[in-house]
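>>> structure, please.
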Amino acid sequence: MAWLPEDFEHPVHVAVGAHHHLRPIRATDVELDMPAVMGSQQRLWSIFGTAWGWPPATMTVEQDREDLLRHEREIAAHLSFNYALFDEAETELVGCVYIDPPEKVGADAEVSWWVRDEYLGTDVENSLNRLVPEWLASSWPFSAVRYIGRDLSWDDWLALPSIRPLS
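This is a model prediction of the structure:
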């Protein structure tokens, strides 16, 4: 069974509160992505480092651009999705939402997200926290979404049995 229906069209703009929105990330977003990621690198590493090895403390702009280009290509191919959270004018990247096919048994999608350190505990983060599950339920064709770092810890996720690729 395919991860997504063949005719599925992913959302291209999603309002988050009154002054922010999500849209698929692009390689051209590197100048906004780099300060967002590296400004919160220690906390992001504590969340994603063990599972993804990201973001390394020595990440360069070119490495970030290559990573964003990979995301852009995966989005176009519907392999996985990285949505960037921007202010209205897209002058600041505030965080990201990752929607991935499952790597572990028991879900049909695995989702995680983050905001920059300075947005922790703010209305922006609270709006994103409310929006993501509602948005996945209403706009995506999933029936069993796993919210990693939300409904189970990253350590618990890592301990789950992996889905083995079909031979």
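>>> now do the helices in the protein.
30-39, 41-52, 61-76, 123-139, 154-159 (DSSP state H).
>>> beta partners for the residue nearest to the spatial centre of the chain?
Closest to where the C-alpha atoms of the chain average out (CA atoms, centre = their mean) is residue 98, at 1.9 Å. When bridges are called by DSSP bridges, residue 98 pairs up with residue 82, residue 112.
>>> what separation is there between it and residue 8?
From residue 98 over to residue 8 the distance is 17 Å, taken as CB to CB, to the nearest Å. In short, each C-beta sits where N, CA and C put it, glycine included.
>>> one more: residue 111?
Applying CB to CB, one obtains 16 Å for the distance of residue 111 from residue 8.
>>> that older thread, which residues does the residue nearest to the centre of the chain contact?
For residue 98, the residues meeting the contact criterion (CB atoms under 8 Å, 6 or more residues apart in numbering) are 80, 81, 82, 83, 111, 112, 113.
>>> which of the residues in stretch 59-71 are buried?
In terms of neighbour count (16 or more other CB atoms under 10 Å), stretch 59-71 has its buried residues at 64, 65, 67, 68, 71.
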